[in-house]
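J.: Need a 3D model of the sequence below.
(one chain, ligands or ions: 1)
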Amino acid sequence: MADLGKVLSGTEMGATIRPGLLGNPEGVEEIPRYRLPEEGMDPRSAYQLIRGEIDLDGSARLNLATFVTTYMEPEAVQLLTESAEKNMVDKDEYPQTAAIEQRCVTMIGHLWSAGDAGSVIGTSTTGSSEACMLAGLALKRRWQQRVQGTSAGPPNIVFSSAVQVVWEKFANYFEVEPRYVPVTADSPYLTAEAAVAACDENTIGVVPILGVTYTGAFEPVQEIAAALDRLADGGGPDVPIHVDAASGGFIAPFLDPELAWDFRLPRVHSINSSGHKYGHVYPGLGWVVWRSREFLPDELIFKVAYLGGEMDTFGLNFSRPGSQVLLQYYNFLRLGWSGYRRVQSELRRVADYLADEIAAIPGLEVVSGRGGLPVVAWQQAIRSKPAWDLHHLSAKLRERGWQVPAYPLPEALADRLIMRAVVRNGFRSDLAEIFVQDLQRAVADLDALPSAPPPVRSAAVFHH
Ligand SMILES: Cc1ncc(COP(=O)(O)O)c(C=O)c1O
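T.: Sure thing, here's the model as predicted:
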């Protein structure tokens with residue numbers, strides 16, 4: 001990443017832009033890159049200048065790195081542009097947007113097996129990161145209430161070392177000791193036994209992931225909950241669970257309805273998910289839902305004006321876009337349960353197809369399992385010793401426009417490099433076939449090199 005100081009002082013790139021002939025704003029010779037231009041320009045020219053620059057970004061369609069939605073239907077885009085001015089916090093000015101947010105919370109609670117309509121409480125957020133922070137704060141505040149007046153030590157929170165960076169941030173920003181349970185080759189996710197072993201009376205919560213960002217695996221929430229039940233029944237601490245279902249929250253209910261990972265388990269107090277991942281909404285939208293009001297401490301709730309009265313809000317931001325919430329509701333109405341199931345099933349089918357084809361490429365080994373998120377992760381076969389590594393393969397695929405990152409696994413497995421392709425809405429089976437052909441060709445080209453290629457700059461950390 002560019003040095004922030006350099007960017008801010010304007011020394012990283014030329015300090016001015018010369019627009020050139022095409023798209024040249026009338027009479028404008030040079031535009032400062034890092035200072036507000038003295039004069040403005042006509043809207044078309046401003047549009048063309050920016051459009052020309054962002055064309056250099058990769059193609060969203062060929063971006064297999066991200067979980068975040070890169071395609072919505074034209075009607076959804078129309079709704080987005082028609083509601084772009086709505087501020088989610090202005091409940092009084094936009095009461096119907098506020099009402100739709102509440103409807104979505106209730107629908108999502110129902111999707112996650114909450115009881116009757118209206119029993120859950122929750123909110124939309126800018127993404128799962130904000131949702132996780134809010135859920136973590138509620139856990140911390142409830143623990144503080146519990147230990148008030150005692151000589152309790154500092155709070156801690158338990159998750160596997162494969163958690164997304166948001167939990168590292170939460171622990172850092174809100175001063176909670178993060179207890180990482182290392183993932184290993186034998187247990188690549190949080191096990192019930194290891195989770196319980198990491199808990200003590202100051203554990204504010206355990207956070208299983210549905211599913212793991214690296215491999216898509218669902219952590220065994222039900223087993224973890226049962227083990228924590230036994231811990232509490234045996235006189236040990238009574239530790240709640242928050243499920244980070246950033247991606248799986250919109251996959252498991254449709255593809256694995258028999259899997260008990262949600263509010264069916266009384267120990268699960270709250271769940272977050274990203275509407276902008278498998279909820280199929282453009283960024284940024286997240287959701288966090290508590291099983292009932294009692295699990296969200298009152299002091300964390302603020303009131304805003306609503307239809308002449310007041311409405312509860314809980315969030316890190318004040319102003320934020322309301323349009324994404326409307327897009328979520330659009331998807332709920334447009335797809336319904338059966339539509340979501342159809343789309344998610346197709347994504348899993350494409351992921352299974354990719355896994356089979358990649359497993360058949362000599363020298364590559366698939367490391368993600370069946371089920372879980374529709375993602376495929378692979379590594380170089382342990383026994384094969386080619387002169388190239390997955391960074392070379394990633395760079396080779398980039399020549400065709402595919403963006404597929406290579407990155408190390410967390411801590412204990414950090415010497416293992418993997419590549420991961422996320423199957424998202426819009427990555428149809430015809431594209432998947434072309435991808436497989438390109439991958440086969442890239443491996444063959446690298447194998448045919450007469451000597452080892454020079455090293456490729458690696459992404460030190462990859463968080464998605
Ligand atoms: C498990 C998990 N938690 C949290 C996040 C953060 O989500 P967001 O990008 O919606 O803030 C991600 C993002 O990939 C994730 O995979």
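J.: Walk me through the domains of this protein.
T.: The chain breaks down into these domains under automatic domain parsing: 16-57, 77-331, 342-447.
J.: so which of the ones you listed is the most packed in?
T.: Comparing the domains of the chain by mean neighbour count (mean count of other Cβ atoms under 10 Å), domain 77-331 comes out on top with a mean of 20. (Glycine included, C-beta is placed from N, CA and C.)
J.: hmm, back to that, wait, which of the domains of the chain is closest to Asn63?
T.: If you check each of these against Asn63 by Cβ to Cβ, domain 342-447 wins as the nearest, at 4.6 Å.
J.: mind checking the end-to-end distance for the closest one?
T.: Here the two ends of domain 342-447 are set 39 Å apart, with distance taken as Cα to Cα, to the nearest Å.
J.: Spell out which parts of the stretch 151-300 of the chain neighbour the ligand.
T.: With the criterion set to Cβ under 6 Å from any ligand atom, the stretch 151-300 of the chain comes near the ligand through 164, 166, 209, 213, 244, 246-247, 274, 286.
J.: ok, now with 5 Å
T.: By Cβ under 5 Å from any ligand atom, the residues of the stretch 151-300 of the chain that approach the ligand are 164, 166, 209, 213, 244, 246, 274.
J.: Which ones among these map onto helices?
T.: Val166 (DSSP state H).
J.: For the residues of the stretch 151-300 of the chain next to the ligand, give me JSON lines that also has distance to Gly153 and pLDDT.
T.: Formatted as JSON lines, these follow (distance: Cβ to Cβ, whole Å; pLDDT from 0 to 100):
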{"residue": "Gln164", "distance to Gly153": "27", "pLDDT": "95"}
{"residue": "Val166", "distance to Gly153": "24", "pLDDT": "97"}
{"residue": "Ile209", "distance to Gly153": "26", "pLDDT": "98"}
{"residue": "Thr213", "distance to Gly153": "30", "pLDDT": "90"}
{"residue": "Asp244", "distance to Gly153": "25", "pLDDT": "98"}
{"residue": "Ala246", "distance to Gly153": "30", "pLDDT": "98"}
{"residue": "Ser274", "distance to Gly153": "33", "pLDDT": "98"}
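J.: which pair in the residues of the stretch 151-300 of the chain next to the ligand spans the largest distance?
T.: Largest separation among those by Cβ to Cβ: Ile209 and Ser274, giving 12.6 Å.
J.: Need the overlap of contacts for these two.
T.: Ala246 (Cβ atoms under 8 Å, 6 or more residues apart in numbering).
J.: Who are the contact partners of Lys140?
T.: Counting by Cβ under 8 Å, 6+ apart, Lys140 touches 155, 174, 176, 204.
J.: what residues are up against the last one?
T.: Okay, so that is Ile204. 136, 139-140, 142-143, 155-157, 176, 240.
J.: which of these lies closest to the ligand?
T.: Taking Cβ to the nearest ligand atom as the measure, the ligand lies nearest Gly136 of those, at 11.4 Å.
J.: wait, is that closest one part of a helix?
T.: Yes - membership of Gly136 in a helix is supported by DSSP: H, G, I helix; E, B strand; the rest coil.
J.: Skipping its backbone neighbours, what lies nearest it in space?
T.: Nearest non-adjacent residue to Gly136, counting by Cβ to Cβ, 6 or more residues apart in numbering: Phe170, 4.4 Å away.
J.: doesn't that neighbour fall inside a helix?
T.: Yes - assessed with three-state DSSP, Phe170 lies in a helix.
J.: if I look at it, how far off is the ligand?
T.: Look at Phe170 and the ligand: by Cβ to the nearest ligand atom, to the nearest Å, they are 10 Å apart.
J.: wait, that residue sits on Ala131?
T.: No - shown here, Phe170 and Ala131 do not form a contact pair, counting by Cβ atoms under 8 Å, at 10.8 Å.
J.: Let me see the ranges of the strands in the stretch 301-450 of the chain.
T.: 302-306, 309-313, 364-366, 375-380, 406-408, 417-422 (DSSP state E, counting those that start in this stretch).
J.: Dump the C-alpha coordinates for the fourth one into CSV.
T.: Output in CSV follows, covering the C-alpha atoms of strand 375-380 (Å, rounded to 0.1, in the frame of the first residue of the first chain):
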residue,chain,number,x,y,z
VAL,A,375,-15.7,-21.3,-1.9
VAL,A,376,-12.8,-23.4,-3.1
ALA,A,377,-9.3,-23.3,-1.6
TRP,A,378,-6.4,-25.2,-2.9
GLN,A,379,-2.6,-25.6,-2.2
GLN,A,380,0.3,-27.1,-4.1
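J.: And the average pLDDT for that strand is what?
T.: For strand 375-380, mean pLDDT rounds to 94.
J.: quick one: low-confidence parts of the protein?
T.: Along the chain, the model assigns pLDDT under 70 to residues 1-12, 19-28, 117-118, 412, 414, 457-464.
J.: In it, what residue spans correspond to helices?
T.: Here the chain has its helices, by DSSP H, at 4-9, 43-54, 74-82, 95-111, 128-147, 165-173, 192-198, 221-233, 252-255, 323-359, 390-398, 429-447.
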